[in-house]
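In: Curious how this folds, go ahead:
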Amino acid sequence: MLRKLKHWLFGYLTVHISGISPERFINLCSNRRLYIWNIVRDNEQYRFNLSARNYKKLKPIFRKTRLIPKIKEKHGLPFFLHRNRRRKGFFIGILICVILVYIMSLYIWDINILGGSKYTPEAILKFLAKSDIKAGIKKKKINGSKIEENIRLAYADIGWVSAEIRGTRLIIKITETNMPVPVVEATAPSHILASKPAVVKEIVTRSGTPMVKPGDVVKEGDILVSGVLNVMDDFGGVLEKKPVIASADIVCSSYYDYYDSFSLNHIDRIFTDNKKTGYYITLFGKKIILYNPRYSYSMYDIIVNENTTHITDSFYLPFQYGSITIREYFKQKDKYTEEEAIDIAKSRLKRYFDKLTENGVYISRNNVTIEFKNNMCIAQGRIFVEEPAWEYKIVDESEWRINQTDEHNGDNN
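Out: Residues are numbered from 1 along each chain as shown. Okay, here's the model as predicted:
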């Protein structure tokens, strides 16, 4: 692949030769280390490729072998530039395009919020905008750790946040408190701690010192696998304590308390056939309305369909286009039947189960019940699960460093 790229950058030729001793010509090229490739015999002729800068070196060989060369094709960047030397505007356009792409790569043009069910992406984006974290911000102004900390402080029920830059996108992943927190890979010597009360079901240790066994009951913060290895001497004493990154496959039995409620009374929105659609584009964060229809609806819903242009999945551009549809509706009071309410409660519970499963949690059983009280549908109970309910904690230096006594200290008079 690199050789092909080199040939293209410096240019190469397709040459036909005819004469009485083409085999001798090929041998002489080999002896003089002149590289030719794609050698093909065509009746009494030979066809091959060679680099443009080596062509002049072949002239003595052509004379010696009395062969007649003919250049049939010219390939590569030098010949392309020569053929298009009068098209200055074309190359200037390419140069400007490359410069613009480079400049745009220095900014964030799309912020994507993943995870969470309680908080919408719009709510998180609005919160970030208060700190000037929005599309169009320079990458160097983004502090991922600060963003994660601010979101956790602002939303008490968001237990885990991850912010990372991919190309021209800022990807923010959130996990709410009542969901298992994804385990972050450790990069320094660490213990494995229980992240919640649980019963250890399985444990297979790869590195570190196991501190529990299957069947043990642990509470939040208990060390499951220590990141300190004891190196023993011949007499059974501790010779050295070695810090490591604890690694193990751990399955814990634990549970989640589930609660969800909603009123049987509700208001339906009945949409009419009346609607209006407008169009817009957005350049570098500035929205330009192309068509804004007039409407006189007293109650309406706004549906925005926006598309962001992008070169790759991670390289988004500062150009969006979309439509805004205004649909008329009227309100109508209604009440769920018990059957309808049960279906809704089960649907919400299933979404919760799906979210747990996405995070690597196996649901062993649940005792969630659905009941009706004071015109409310209430689903509550306990969900028993098997999950990797653990997290890392950095090993403190005092846990492994042994203060060596100086055997030569004192007077030896």
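In: Please make it C-alpha for all contacts and neighbour counts, starting now.
Out: Fine.
In: Assign residue 63 to helix, strand or coil.
Out: helix (DSSP: H, G, I helix; E, B strand; the rest coil).
In: for residue 112, same thing?
Out: For residue 112, the secondary-structure state derived from three-state DSSP is strand.
In: Does it touch residue 171 like I think?
Out: Yes - counting by C-alpha atoms under 8 Å, residue 171 is a contact partner of residue 112 at 5.0 Å.
In: which stretches of the stretch 51-200 of the chain form helices?
Out: With helices called from DSSP state H, counting those that start in this stretch, the stretch 51-200 of the chain shows them at 59-65, 77-83, 88-104, 121-129, 144-154.
In: quick one: which of the ones you listed is nearest residue 296?
Out: Residue 296 lies closest to helix 121-129 among the helices of the stretch 51-200 of the chain, at 26.9 Å (C-alpha to C-alpha).
In: Under the pLDDT cut-off, which ranges of the stretch 1-150 of the chain? List them.
Out: When residues are selected by pLDDT under 70, those of the stretch 1-150 of the chain lie in 1.
In: same check, this time on the stretch 201-350 of the chain
Out: For the stretch 201-350 of the chain (pLDDT under 70), the answer is none.
In: at 80 instead, please
Out: For the stretch 201-350 of the chain, the stretches with pLDDT under 80 are 233-238, 285.
In: which stretches of it form strands?
Out: 209-210, 217-218, 223-226, 228-232, 238-243, 247-263, 265-283, 286-291, 300-310, 316-335 (DSSP state E, counting those that start in this stretch).
In: I'd like to check what contacts the first one. Which residues are they?
Out: Counting by C-alpha atoms under 8 Å, 6 or more residues apart in numbering, the neighbours of strand 209-210 from elsewhere in the structure are 224-229, 246.
In: Is it correct that residue 20 falls within a strand?
Out: No - applying three-state DSSP, one finds residue 20 to be coil, outside a strand.
In: any idea how far residue 26 is from it?
Out: In this view, residue 20 and residue 26 are 13 Å apart by C-alpha to C-alpha, to the nearest Å.
In: got it, and residue 78?
Out: Counting by C-alpha to C-alpha, the gap from residue 78 to residue 26 is 26 Å.
In: Repeat that for residue 219.
Out: Per C-alpha to C-alpha, residue 219 is found 80 Å from residue 26.
In: So between those two, which is more surrounded?
Out: Taking neighbours as other C-alpha atoms under 10 Å, residue 219 and residue 26 compare with residue 26 leading, 16 against 13.
In: ok so, going back, can I get the contacts of strand 209-210 in TSV including distance to residue 119 and neighbour count?
Out: Shown next, in TSV, are those (distance: C-alpha to C-alpha, whole Å; neighbours: other C-alpha atoms under 10 Å):
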residue	distance to residue 119	neighbour count
224	33	26
225	35	27
226	37	24
227	37	29
228	40	25
229	43	18
246	34	28
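In: Distance to residue 39 added to those, as a markdown table?
Out: A markdown table is the format used below for those (distance: C-alpha to C-alpha, whole Å):
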| residue | distance to residue 39 |
| --- | --- |
| 224 | 67 |
| 225 | 65 |
| 226 | 65 |
| 227 | 63 |
| 228 | 65 |
| 229 | 64 |
| 246 | 59 |
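In: and the residues you listed, which two are the farthest apart?
Out: For those, and using C-alpha to C-alpha, no pair is farther apart than 224 and 229, which are 13.6 Å apart.
In: The strands of the stretch 201-350 of the chain: which one's closest to residue 378?
Out: strand 247-263 (4.4 Å).
In: Now do the closest one: distance to the chain's middle.
Out: Distance of strand 247-263 from the chain centroid (C-alpha atoms, centre = their mean, to the nearest Å) equals 26 Å.
In: same deal with stretch 371-380?
Out: The answer for stretch 371-380 is 41 Å, by C-alpha atoms, centre = their mean.
In: what does stretch 18-38 give?
Out: For stretch 18-38, the separation from the chain centroid amounts to 53 Å (computed by C-alpha atoms, centre = their mean).
In: Outside of that stretch itself, list whatever touches it.
Out: Residues outside stretch 18-38 that contact it (C-alpha under 8 Å, 6+ apart) are 44-51, 54, 58, 61-62, 65-69.
In: Going by neighbour count, list what's buried in it.
Out: Neighbour counts over stretch 18-38 (16 or more other C-alpha atoms under 10 Å) mark 18, 22, 25-26, 28-29, 36 as buried.
In: May I have the distance across that stretch, first residue to last?
Out: Distance across stretch 18-38, first residue to last, is 16 Å (C-alpha to C-alpha).
In: Apart from its neighbours in sequence, what residue is nearest residue 387?
Out: residue 361 (4.8 Å; C-alpha to C-alpha, 6 or more residues apart in numbering).
In: so who does that neighbour touch?
Out: 180, 385-388.
In: What is the lowest-pLDDT residue among those?
Out: Lowest pLDDT of these: residue 180, 57.
In: Could you tell me which residues make contact with residue 332?
Out: Counting by C-alpha under 8 Å, 6+ apart, residue 332 makes contact with 267-270.
In: and which of these is nearest residue 331?
Out: The nearest one, if we look at the contacts of residue 332 relative to residue 331 and count by C-alpha to C-alpha, is residue 269, at 4.8 Å.
In: for the closest residue to residue 243 other than its chain neighbours, what are its contacts?
Out: For residue 243, ignoring the flanking residues on the chain, the nearest one in space by C-alpha to C-alpha, 6+ apart is residue 228 at 4.6 Å. Neighbouring residues of residue 228 by C-alpha under 8 Å, 6+ apart: 191, 208-209, 241-244, 395, 399-400.
In: PyMOL command for the buried members of those residues?
Out: Remark: buried members of the contacts of residue 228, expressed as a PyMOL selection using 16+ other C-alpha under 10 Å:
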select buried, resi 191+208+209+241+243+244+395+400
